[in-house]
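**Student:** predicted model, plus sequence, below.
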Amino acid sequence: MGVTVEFCGEEFVAPEDRPLTIGRVADVEIDDNPYLHRVFLQVHHEHGLWWLTNVGSTLTATVADTKGLFQAWLSPGARIPLALEAFTVWFTAGPTTYDFDVVVDDTPFVSVETAAELEPEDSTAQTTVGRVSMTPDQKLLVVALCESFLRTTYAGGGQIPSSAEAAERLGWTVTKFNRKLDNVCQKLADAGTRGLHGGPGKLASNRKSRLVEHALSTRMVTEADLRLLPDPA
């Protein structure tokens, strides 16, 4: 069983005799970003399983399988077994959000598709994500925040728009955008999603980053939802 990390069109095979490091100065060099740890994550083999470990001190990562059936929030010091065939990892360092793919050969477990995955989605009605129902405007807000990632064809990095930029993209006022952002974050926080609740130290940019990571990892929004956005012209 082997593991390959795919980032910006390059593939990095994890050796079994030492960790494959991921960060600013690592085997997988993400970016020369001062907000990013020199070594943030590592893939290593132990007790017959491959693991992804957060060896950083401040940053967190969102890990999900490619079907949106599994999601984990990897805090500093935490680790998860790479027991499914494919994962995507998202994390934010300063103003930039990054993602990379992890492919596992000959996994010991196989994910099972659920009926919920096959249900058609009606963009004119409320969208249910787990226990949370999103109105069309709330769904549109999330799509606007995730737009640059949904338009990217390979794992890499992307910029989350400011509230003013996203509001202009949707033809809304900043006040309307922020009000709906508060509503979306509160709904998800009430449903148990971590990192979205407002309060001291919870800057708007941090909440937006966590919202984008959550939306992409759970497939709350997909490339098909780009059609909901107004024509840029």
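**Tutor:** The structure has been received and is ready for your questions.
**Student:** tell me which residues are up against stretch 15-27.
**Tutor:** Under the criterion C-beta atoms under 8 Å, 6 or more residues apart in numbering, residues 3, 5, 12-14, 28-34, 36-45, 53, 56, 100 lie in contact with stretch 15-27. Bear in mind the C-beta positions are built from the backbone N, C-alpha and C, glycine included.
**Student:** how far does it sit from the chain's center?
**Tutor:** Average the C-alpha atoms of stretch 15-27, do the same for its chain, and the two points are 21 Å apart (C-alpha atoms, centre = their mean, to the nearest Å).
**Student:** report the buried residues of that stretch.
**Tutor:** Judged by neighbour count (16 or more other C-beta atoms under 10 Å), stretch 15-27 contains these buried residues: 19-24, 26-27.
**Student:** and the gap between Gln71 and Asn178?
**Tutor:** Distance check for Gln71 against Asn178: by C-beta to C-beta, to the nearest Å, it reads 26 Å.
**Student:** and Ala78, by the same measure?
**Tutor:** Look at Ala78 and Asn178: by C-beta to C-beta, they are 32 Å apart.
**Student:** can you pull out the strands in the protein?
**Tutor:** Across the chain, reading from the start of the chain, the strands by DSSP state E fall at 3-7, 10-13, 20-23, 28-29, 41-46, 49-54, 61-65, 71-74, 79-81, 86-93, 96-104, 127-129, 132-134, 157-159.
**Student:** how about those strands, which one is nearest Leu140?
**Tutor:** Each of these was checked against Leu140 via C-beta to C-beta, and the shortest separation belongs to strand 132-134, namely 9.2 Å.
**Student:** which neighbours does that closest one have in its sheet, and in what orientation?
**Tutor:** Partners of strand 132-134 in the sheet, by DSSP bridges, are strand 127-129 (antiparallel).
**Student:** okay, buried residues for the longest helix seen in the chain please.
**Tutor:** For the chain, the longest helix by residue count, based on DSSP state H, is helix 174-190. Within helix 174-190, the residues that count as buried by 16+ other C-beta under 10 Å are 177-178, 180-181, 184-185, 187-189.
**Student:** and of these, the nearest to Asp225?
**Tutor:** Proximity of the buried residues of helix 174-190 to Asp225 (C-beta to C-beta) peaks at Val184, which lies at 14.5 Å.
**Student:** the residue lying closest to that closest one once chain neighbours are set aside and Glu223: what is the separation?
**Tutor:** Taking C-beta to C-beta, 6 or more residues apart in numbering as the measure, Val184 lies nearest to Gln138, with 5.0 Å between them; neighbours along the chain are not counted. From Gln138 across to Glu223, the span is 19 Å (C-beta to C-beta).
**Student:** quick one: contacts for Cys104?
**Tutor:** Just to correct that, residue 104 is Val rather than Cys. By C-beta under 8 Å, 6+ apart, the contact list for Val104 reads 1-3, 50, 82-87.
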